[in-house]
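> After the sequence you'll find the predicted model.
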Amino acid sequence: MLGVASATAWEGDTRRMPDQSDPTAALPSAANGDAGHARDHANDWRTLLVIFLLAGVVESQAFGHLNAFRPLFLQQLGVPLSEVAFWTGILASLGFVIGLPLLPFWGVWADRYSRKLIIVRSAYIEGVIFSLAAFSPNVWFLAVAQLLGGFVFGNTGVMLAMLADTTPRKRLGMVVGIVSAGFPIGSSVGPLLGGYVAQTFGIRPLLFGDAVASALMGVVMTLIVHEEKRLYATQARVGQLLRRALDDIISSRLIVGLFGLYFLAMFGITLYQQFLPILLQKLDTGPIRLLPSMIGATLTASGIAMAIATPLWGRLGDVIGRWRVLPVILAAGSLGIVAEGLAPRLFPLQVSIVWVSLFYAGIGPTVVALLALLAPEERRASILNFSLLPSQLSWFVGPLIGAALASAALRLPFFAGAVAQGAALVVALLLARRIARHSQPGQPSAEQPREQAAV
C-alpha cells in the first residue's frame, strides 16, 4: 500500500513517487478497482459489510439510549435538577479516561495478534457495561459503568481495516459510508423505540435490553467473522508497531492536517450534543409523561437524516472529490449549530437538529476514507484506530468544557461549537488549497474520480 514516502511526496515533499502522475500508483487495487482481490480472502466483503453494519446499529442504539435518557435517568437516581447538566457532561467524558490511553493499542494489538478478537471484544464488554448501568442504585455506580466504557473503544478502525482489505477499490468510499451509516441508523431507530420503552416500562429495562442485544451481537460476530489472512504478516513487537504507525502519521503533513481538522469538527459537536435533551426538555410545553417519547422522536428524526446522508456523502466524495465535499459539510453544519443555539421554541430546535445531522453525517466517512487510502496495508488497522483519536479526544474534552459552559448558560456550548466547526472549515480550505498548489502541471488532479485518483 501507499507508504510514507509516497504520501509525503504527493504533498510536495522533496521525495518523489515512482509514478508522479497518479498518487495511487502504489495501491495494489488502484489499477482497475478490483485488483485487491487477486489474493484469496477468508471473508466476503458483502458479509462483513452486513455484519459490521448491524454491529454499528446495535452499539449506537445502546449508547444512544444512554445519551438520550441520561438526564432523565439522573433525575430518577436522585440528582438535583440544578446539577443534571453538570453530571451529564461529566458522565459523557468518563469512558475516555480509560479509552484514550488504550485507543492506539487496539489497532496494533489487532495487527500483531487478531483483528477478529479486537472486534468481538467490544460487543461482549458492552453487554457488561449496560447490565451495570441498568442496575445502578445511584449516580456513582452509573459513573463506574460509564468509566468501563473505555474498554469498548477501538473496534471501528479495525472493522474498517478488515473491510478495506477485502473491498474492491472502486467501492471503498461507498462501503465506508454504508458501514458508518450503522451508527446513525441505530441512533434513528433507538431513541424512538427507546422512548416508548422508557415511557412504558422504565429506563432500567431499556438498558438491560441493550446489554442482551450487545452480547448477542458478540456471539454472531464470533461465529461468522473469520480472521483475514493479511498480505503483510508481522512478528514485530507492539511497541514497534505503535512507533511505525506514529511515524506514518507524523511523516505526512496531510494526515496530520486531517487529524487536526477531524478534532476541531468533532469538538464542535461534542461541546453541546449531550445537552440537546436538556434543551428539548426546557422548550417542551407538552405533558411531562410524554417527554421521553418527544426526545426519542426528535433524536430518531436526527438519526434518520444521518442514516440517509452518510452513504450519500461517501458516494459524493467518490464522484466529485472528498476535498470538495468537506468544506460544504463543515460550513452548513456550523450554520445549523448556530440555529440550534438561537432556537426560541421547540419546533425550530428540532428542525435545526435534523439539519445539523444531515451534514454531520459526512464528516467521519469523508475523513476516514481519505486516511484509509493513505495508510500502508500492513499498519492500516493501527493508523485507522489512531484516526479515531481526534474524535475520542473531542468526546473527552468537549463534554467537560461544555459542562462548564452550560453551568453558566445552557446555550453557550452551542455557540462555542459553531466556532470550532468554523475553525475546521478553515483548516479544510487550507489543506485543499495545499493539494491544488502541489498538483503537477498537466497531470491529472488528485481529486478526479474519472482518473481513479486516491482521494
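That came through fine.

> for the chain, what's the longest helix?
Using DSSP state H, we find that the single longest helix of the chain is helix 45-76.

> List the buried residues in that helix.
For helix 45-76, the buried set under the neighbour-count rule, 16 or more other CB atoms under 10 Å, comprises 45, 48-49, 51-74. Just so you know, the C-beta spots here come from the backbone N, C-alpha and C atoms, and that holds for glycine as well.

> list the helices and strands that helix packs on?
Contact here means 3 or more CB pairs under 8 Å, 6 or more residues apart in numbering; DSSP states H and E; on that basis helix 45-76 packs against helix 84-112, helix 115-134, helix 139-148, helix 155-166, helix 172-200, helix 203-224, helix 276-283, helix 291-320.

> got a list of what Ile51 touches?
Residues near Ile51 by CB atoms under 8 Å, 6 or more residues apart in numbering: 220-221, 224-225.

> So which of those is the closest to Gln274?
Met221 (28.5 Å; CB to CB).

> Surely the closest one and Gly56 touch.
No - between Met221 and Gly56 there is no contact under CB atoms under 8 Å: 11.7 Å.

> which one of the helices and strands packed on helix 45-76 lies closest to Gln392?
Of all these, helix 84-112 comes closest under CB to CB, at 5.7 Å.

> And for the residue nearest to the spatial centre of the chain, nearest residue in space, chain neighbours not counted?
Per CA atoms, centre = their mean, the C-alpha nearest to the average position across the chain is that of Gly364, at 5.5 Å. With sequence-adjacent residues excluded and distances taken as CB to CB, 6 or more residues apart in numbering, Gly364 is closest to Ser180, at 5.6 Å.

> next one: Leu283
Using CB to CB, 6+ apart, the closest residue to Leu283 is Leu346 (4.3 Å).

> For that neighbour, give me its contacts.
When contacts are counted by CB under 8 Å, 6+ apart, Leu346 touches 280, 283-285.

> What of Met217?
54-55, 58-59, 123 are the contacts of Met217 under CB under 8 Å, 6+ apart.

> cutoff 10 Å now
Neighbouring residues of Met217 by CB atoms under 10 Å, 6 or more residues apart in numbering: 51, 54-59, 62, 120, 122-124, 126-127.

> How much space separates it from Gly56?
Noted for Met217: a distance of 10 Å to Gly56, by CB to CB, to the nearest Å.

> what's around the closest residue to Gly218 other than its chain neighbours, how many residues?
Once flanking residues are discounted, Gly218 sits nearest to Ala123: 3.3 Å by CB to CB, 6+ apart. Per other CB atoms under 10 Å, the neighbour tally for Ala123 reads 23.

> Is Ala123 in contact with Met159, as I believe?
No - with contact defined as CB atoms under 10 Å, Ala123 does not count as touching Met159 (11.4 Å).

> what is in contact with these two at once?
Joint contacts of Ala123 and Met159 (CB under 10 Å, 6+ apart) are 55, 221.

> just to revisit the earlier point, closest to Val368 among the contacts of Leu346?
Closest to Val368, out of all of these and judged by CB to CB, is Leu280, at 29.8 Å.

> How many residues are close by that closest one?
Leu280 has 21 nearby residues by other CB under 10 Å.

> about what we covered before: can I get the buried part of the contacts of Ile51 as one ChimeraX selection?
Selection of the buried residues among those in ChimeraX, burial being defined by 16+ other CB under 10 Å:
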select :221,225
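
> Which of the contacts of Ile51 sits closest to Ala85?
Met221 (36.7 Å).

> Could you say which helix or strand holds the residue nearest to the centre of the chain?
Secondary structure assignment for Gly364, by DSSP states H and E: helix 363-374.
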